[in-house]
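Q: the sequence and its predicted three-dimensional model are supplied below.
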Amino acid sequence: MTPLTLLTGTATLHGNNLMDTPYRVSEGLSSWLDIVAAPAGHRFTQYPPGRHRTTGFDDFVGHPEVREYTLDAAGT
């Protein structure tokens, strides 16, 4: 995405999948909805949460109350 932005001057966005939208965003990250709705020129900083997910996706049909993205292992 970065080369496309740098070579064309066209803004690009890479974020979580649409199916991850119901989750609260982990500390250090910004929601893609907040980024695309931000005014032109808005600055933001993100940093890695220091954890990652080792399991598959949550079952929203069986457990619709799930709101926290499971980051169950240490990482960068």
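A: All right, it came through fine.
Q: switch to C-alpha atoms for all contacts and neighbour counts from now on
A: Noted.
Q: so, low pLDDT: which residues of this structure?
A: Residue ranges of the chain with pLDDT under 70: 14-22, 76.
Q: mind listing the strands for it?
A: 51-52, 73-74 (DSSP state E).
Q: out of the ones you listed, nearest to F44?
A: Closest to F44 of the strands of the chain, according to CA to CA: strand 51-52, at 20.7 Å.
Q: returning to what we had before: pick the most deeply packed of the strands of the chain.
A: Ranked by mean neighbour count, the strands of the chain are led by strand 51-52 with a mean of 14 (mean count of other CA atoms under 10 Å).
Q: what pairs with that strand, parallel or antiparallel?
A: Partner strands for strand 51-52, per DSSP bridges, with pairing direction: strand 73-74 (antiparallel).
Q: need the contact partners of the partner strand.
A: Here strand 73-74 makes contact (CA atoms under 8 Å, 6 or more residues apart in numbering) with G50, R51, H52, R53, T54.
Q: tell me which two of those residues sit farthest apart.
A: G50 and T54 (13.3 Å).
Q: dump the strands of the chain to JSON lines, plus distance to T8.
A: What follows is the strands of the chain, written out as JSON lines (distance: least, CA to CA, whole Å):
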{"stretch": "strand 51-52", "distance to T8": "32"}
{"stretch": "strand 73-74", "distance to T8": "37"}
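Q: circling back to that earlier point, between the contacts of strand 73-74, which is closest to F60?
A: R53 (16.8 Å).
Q: and the closest one, what does it touch?
A: T70, L71, D72, A73.
Q: most neighbours, which of the residues you listed?
A: T70 (17 neighbours; other CA atoms under 10 Å).
Q: so who does that one touch?
A: By CA under 8 Å, 6+ apart, the contact set of T70 is H52, R53.
Q: from A40, how far out is it?
A: Per CA to CA, to the nearest Å, T70 is found 32 Å from A40.
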